[in-house]
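Peer 1: model this:
(chains A and B)
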Amino acid sequence: MSEDKNVVARYTTAARINHWITAVSLILLALSGMALFHPSLFFLTNLFGGGQATRAIHPWIGVVLAISFLGLFFRFFTLNFWKREDTVWMKNLGKVINNNEEGLPELGKYNAGQKLVFWGQSILILLLFGSGIVLWDVYFEDYTTIDQKRLAAVVHALCAIGAILIWIVHVYAAIWVKGTLRAMTRGSVTRGWSWKHHRKWFRQEVKKS
Amino acid sequence: MATMQSLDIRRRSASTEAPPQVRQSAIQVAKLIDVSKCIGCKACQAACLEWNDLKAPIGYTDGTYDNPTDLTPTSWTVMRFTEYERGDDLEWLIRKDGCMHCDDPGCLKACPAPGAIVQYTNGIVDFVSENCIGCGYCVKGCPFNVPRISKVDRKAYKCTLCVDRVSVGQAPACAKVCPTQAIYFGSKEDMIVHAEHRIADLKSRGFQKSGLYNPPGVGGTHVMYVLHHADQPSLYAGLPDDPRISPMVGFWKGVMKPLSLAAIAFAGVFGFLHYITKGPNEVSDTDERKADEMAKGKGA
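Peer 2: Down below sits the predicted model:
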């Protein structure tokens, strides 16, 4: 429990900084990557100082993201193992989308949707990092064949689209479920929010206090 | 160098604008390389360096006649030597390698930089270096492994088919200099007719499988070969038997682009519609009260 009796601590300052480094790099990667993916978005290279600069800087932002996301992964992976209640929750996804969470099982720190976001991004970022190295000609041109680079380009683009879609779900969930964003901006959530969305976790936090 | 007028552009990389249509008179050009007449003197390589004012650094030899051993950012054409044993005969197959100027250029299809690769109405495919961002996608798009990225300026280079000479009515430097006239230049139509004469001659001399290399998989090329063994192009230092743009590149640069943007747009629209129809998921006063009760009861 936080010092303020009416809120529950959810993320440490370090976790929040870690999250926002990842968030900023992911957005910059999406913008610079989309610029080189579709001609009608090439104008986005202007944000990075032109086409050559975009090409040069994109992989370096990728390195920052990979390291930063690795930090998030080790912080949170034990909390994201799949539980029986997650399967029940997924079966009731329709109710969740309709803002009706009555009768759903009590959840730990994360619900099934959040866990899928976590594992989805973990796998995609791993694939993006691997294929990105293959495409990083400045340093790694000589280590792969042209056909391997072609495959890497397809994998990289597909995974990037997947990661962007998951990112949209992630951001929208934070907008839709009120009271969520403060977990990442201030580190705490209200008791009511915890009780409503993550009751099992709330019980544990209450017991700890 | 973009040495042709904008009127003469047929395709432009990463561009959605339609090219100009007003000028209809363009003649399709082609270079015809008669491999059976090549003596491997490398005059074409020297002429290419000289006309294009390129200075290749002194390299190394790998013990063969291939010198330099590969295409480089400053060596846009290279003679590739193959020793082919046919029965008791030893044939020395010498192929002048370089950009094939595909009618359906994979490099241009793959290029993400607007106007960094153009195809002129006469069929020449040229790199406009000022627009090149050095990503290497052209390397992935090319079915012939031709473009090379400079380690100095990270830009892609390849044979221009001497577009600056062709546009003022001159033949490319390599064709001009070839001492055995193994390299011809003219309209594509004329080059095909000429190739037919050469092939008839080769057949009369026992090369029954001789033929023209103008691969349909890339829409034909504006650099064509007369081969004595046209049934086996790969004999000639790995010339692709049936070159085509890789299906992976086709997918990546084809359906994937609109489908991806549609998926992203759909996700955004879905979220917006969900919000305005279902509304936000809010914590009610009842939730807060129940939470407080649980906190007071220490999680009971």
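Peer 1: SS state for A:Gly132?
Peer 2: Under DSSP: H, G, I helix; E, B strand; the rest coil, A:Gly132 falls in the helix class.
Peer 1: and it, how many neighbours?
Peer 2: 24 (other Cβ atoms under 10 Å in any protein chain shown). Where you see a C-beta, it was placed from the backbone N, CA and C, and this is true even at glycine.
Peer 1: next: the one 4 residues further on.
Peer 2: In terms of burial, A:Trp136 registers 18 neighbours under the definition other Cβ under 10 Å.
Peer 1: how far does the longest helix seen in chain A sit from its chain's centre?
Peer 2: Longest helix of chain A, by residue count under DSSP state H: helix A:146-176. Put simply, helix A:146-176 sits 11 Å off its chain's centre (Cα atoms, centre = their mean, to the nearest Å).
Peer 1: looking at chain A, which residue reaches furthest from the middle?
Peer 2: Here the centre of chain A is the reference, and by Cα atoms, centre = their mean the most remote residue is A:Asp142, at 32.2 Å.
Peer 1: what ranges do the strands span in chain B?
Peer 2: B:9-12, B:29-34, B:78-86, B:89-97, B:117-120, B:125-127, B:148-149, B:156-157, B:183-187, B:211-213, B:223-227 (DSSP state E).
Peer 1: pull up the pairing partners for the last one, direction included.
Peer 2: Spelled out, it's strand B:223-227. strand B:29-34 (parallel), strand B:211-213 (antiparallel) (DSSP bridges).
Peer 1: the third one too?
Peer 2: According to DSSP bridges, the neighbouring strands of strand B:78-86, each with its direction, are strand B:89-97 (antiparallel).
Peer 1: tell me the angle the partner strand makes with strand B:183-187.
Peer 2: On the basis of axes from the mean of the first three to the mean of the last three Cα atoms, to 10 degrees, strand B:89-97 is oriented at 50 degrees to strand B:183-187.
Peer 1: alpha carbons only: can I get strand B:89-97 in PDB?
Peer 2: The C-alpha trace of strand B:89-97 is given here as PDB (Å, rounded to 0.1, in the frame of the first residue of the first chain):
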ATOM      1  CA  ASP B  89      35.800 -30.000 -75.300                       C
ATOM      2  CA  LEU B  90      36.700 -27.300 -72.900                       C
ATOM      3  CA  GLU B  91      34.600 -24.200 -73.500                       C
ATOM      4  CA  TRP B  92      35.600 -20.900 -71.900                       C
ATOM      5  CA  LEU B  93      32.300 -19.100 -71.200                       C
ATOM      6  CA  ILE B  94      32.800 -15.400 -70.600                       C
ATOM      7  CA  ARG B  95      29.800 -13.400 -69.500                       C
ATOM      8  CA  LYS B  96      29.800  -9.600 -69.000                       C
ATOM      9  CA  ASP B  97      27.800  -9.300 -65.800                       C
END
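Peer 1: any idea how far chain B is from the residue lying closest to A:Val155 once chain neighbours are set aside?
Peer 2: Nearest residue to A:Val155, sequence neighbours excluded (Cβ to Cβ, 6 or more residues apart in numbering or on different chains): A:Ser131, at 4.4 Å. As judged by Cβ to the nearest Cβ, to the nearest Å, A:Ser131 and chain B stand 12 Å apart.
Peer 1: tell me the contacts of A:Ser131?
Peer 2: A:Ser131 is in contact with A:Leu151, A:Ala152, A:Ala153, A:Val155, A:His156, A:Cys159, counting by Cβ atoms under 8 Å, 6 or more residues apart in numbering or on different chains.
Peer 1: and the last one, how far from chain B?
Peer 2: Looking back up the chat, that one is A:Cys159. From A:Cys159 to chain B the distance is 11 Å (Cβ to the nearest Cβ).
Peer 1: cool, the second one as well?
Peer 2: In this structure, A:Ala152 and chain B are separated by 9 Å, where distance is defined by Cβ to the nearest Cβ.
Peer 1: for that residue, what are its contacts?
Peer 2: Contacts of A:Ala152 by Cβ under 8 Å, 6+ apart are A:Gly130, A:Ser131, A:Gly132, A:Val134, A:Leu135, A:Thr144.
Peer 1: what do you get for B:Phe251?
Peer 2: By Cβ under 8 Å, 6+ apart, the neighbours of B:Phe251 are A:Val154.
Peer 1: then A:Asn92?
Peer 2: A:Gly103, A:Leu104.
Peer 1: can you read off the pLDDT for residue 198?
Peer 2: You didn't pick a chain, so chain A it is. Per-residue pLDDT puts A:His198 at 96.
Peer 1: was after chain B, sorry
Peer 2: 97.
Peer 1: the one 5 residues further on too?
Peer 2: Note on B:Lys203: pLDDT of 97.
Peer 1: can I assume it is in contact with B:Ser210?
Peer 2: Yes. Proximity of B:Lys203 to B:Ser210 meets the contact threshold set by Cβ atoms under 8 Å, at 5.8 Å.
Peer 1: more neighbours, those two?
Peer 2: Taking neighbours as other Cβ under 10 Å, B:Lys203 and B:Ser210 compare with B:Ser210 leading, 23 against 14.
Peer 1: I'd say the more buried one and B:Asp231 touch.
Peer 2: No. The criterion here is Cβ under 8 Å, and B:Ser210 misses it with B:Asp231 at 9.1 Å.
Peer 1: okay, buried residues for the longest helix of chain A please.
Peer 2: Across helix A:146-176, burial judged by 16 or more other Cβ atoms under 10 Å in any protein chain shown covers A:149-170, A:172-173, A:176.
Peer 1: count of neighbours near B:Asp153?
Peer 2: So B:Asp153, with other Cβ under 10 Å, has 12 neighbours.
Peer 1: name the nearest residue to it, ignoring sequence neighbours.
Peer 2: Using Cβ to Cβ, 6+ apart and skipping the chain neighbours, the partner closest in space to B:Asp153 is B:Gly134 (7.6 Å).
Peer 1: for the top helix by length along chain B, buried residues please.
Peer 2: As assigned by DSSP H, the longest helix anywhere in chain B is helix B:256-278. Buried residues in helix B:256-278, defined by neighbour count with 16+ other Cβ under 10 Å: B:Met256, B:Lys257, B:Ser260, B:Leu261, B:Ile264, B:Ala267, B:Gly271.
Peer 1: so the last one makes contact with A:Tyr172?
Peer 2: Yes. The pair B:Gly271 / A:Tyr172 is scored as a contact, 4.0 Å apart, by Cβ under 8 Å.
Peer 1: mean confidence score for the longest helix of chain A?
Peer 2: pLDDT averaged over helix A:146-176 gives 98.
Peer 1: follow the chain on from it and name the next helix or strand.
Peer 2: helix A:181-185 (DSSP states H and E).
Peer 1: which other residues reach that following helix?
Peer 2: With Cβ under 8 Å, 6+ apart as the test, helix A:181-185 has contacts from A:Arg10, A:Tyr11, A:Arg16, A:His19, A:Trp20, A:Ala174, A:Ile175, A:Ser188, A:Val189.
Peer 1: can you give me the neighbour number for A:Ser122?
Peer 2: A:Ser122: 17 neighbours (other Cβ under 10 Å).
Peer 1: nearest residue to it other than its sequence neighbours?
Peer 2: A:Phe73 (5.8 Å).
Peer 1: where exactly do the strands run in chain A?
Peer 2: A:7-9, A:188-190.
Peer 1: what distance separates the first one from the centre of its chain?
Peer 2: Centroid displacement of strand A:7-9 relative to its chain, using Cα atoms, centre = their mean, is 22 Å.
Peer 1: other SSEs contacting it?
Peer 2: When contacts are defined as 3 or more Cβ pairs under 8 Å, 6 or more residues apart in numbering or on different chains; DSSP states H and E, strand A:7-9 packs onto strand A:188-190, helix A:191-197, helix A:199-208.
Peer 1: excluding chain neighbours, what is closest to B:Glu196?
Peer 2: B:Leu212 (7.6 Å).
Peer 1: er, B:Pro280 actually
Peer 2: If the residues on either side of it in the chain are set aside, B:Pro280 comes closest to A:Lys178, at 5.0 Å by Cβ to Cβ, 6+ apart.
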